[in-house]
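Trainee: Sharing a model prediction with you, sequence too.
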Amino acid sequence: MLKDSKRFADSGGWGYGAFEYDAASDVFRPATTADNPPQENDAKCGYACHTVVQNRDYVFTEYGKR
């Protein structure tokens, strides 16, 4: 996730990316529509999932208390 209200104004200021991990090669690659769940080339999928935590600025996990 990246916060940039100018670039991602239509998704609450957040841009999302999805990656798939290949354990055999120890490498991450961008997720695609062939993955499960399929990932498109825009922020809409990530934004839709995060709207349930809108009151926390669309972030699911907060830093723990120190």
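Mentor: Here it is on my side, so go on.

Trainee: From now on I want contacts and neighbour counts done on CA atoms only, so please keep to that.
Mentor: OK.

Trainee: so where is the chain shaky, pLDDT-wise?
Mentor: 42-45 (pLDDT under 70).

Trainee: Strands along that one, start to end?
Mentor: For the chain, applying DSSP state E gives strands covering 2-3, 14-15, 19-22, 27-30.

Trainee: May I have the strands that pair with the second one, each with its orientation?
Mentor: The reference is to strand 14-15. strand 2-3 (antiparallel) (DSSP bridges).

Trainee: Run the chain-centre distance for the strand it pairs with.
Mentor: Remark: strand 2-3 is offset 9 Å from the chain centroid, using C-alpha atoms, centre = their mean, to the nearest Å.

Trainee: do you know which of the strands of the chain lies nearest residue 49?
Mentor: strand 14-15 (12.1 Å; C-alpha to C-alpha).

Trainee: Ignoring the adjacent residues along the chain, who's closest to residue 14?
Mentor: residue 3 (4.6 Å; C-alpha to C-alpha, 6 or more residues apart in numbering).

Trainee: Over to residue 47?
Mentor: residue 11 (6.0 Å).

Trainee: residues contacting the residue nearest to residue 14?
Mentor: 13, 14, 15 (C-alpha atoms under 8 Å, 6 or more residues apart in numbering).

Trainee: Would you mind measuring from the last one to residue 9?
Mentor: Here residue 15 is placed at a distance of 9 Å from residue 9 (C-alpha to C-alpha, to the nearest Å).

Trainee: can you map out the helices along the chain?
Mentor: Taking DSSP state H to define them, one finds helices in the chain at 44-50.

Trainee: what residue is smack in the middle of it?
Mentor: residue 16 (3.4 Å; C-alpha atoms, centre = their mean).
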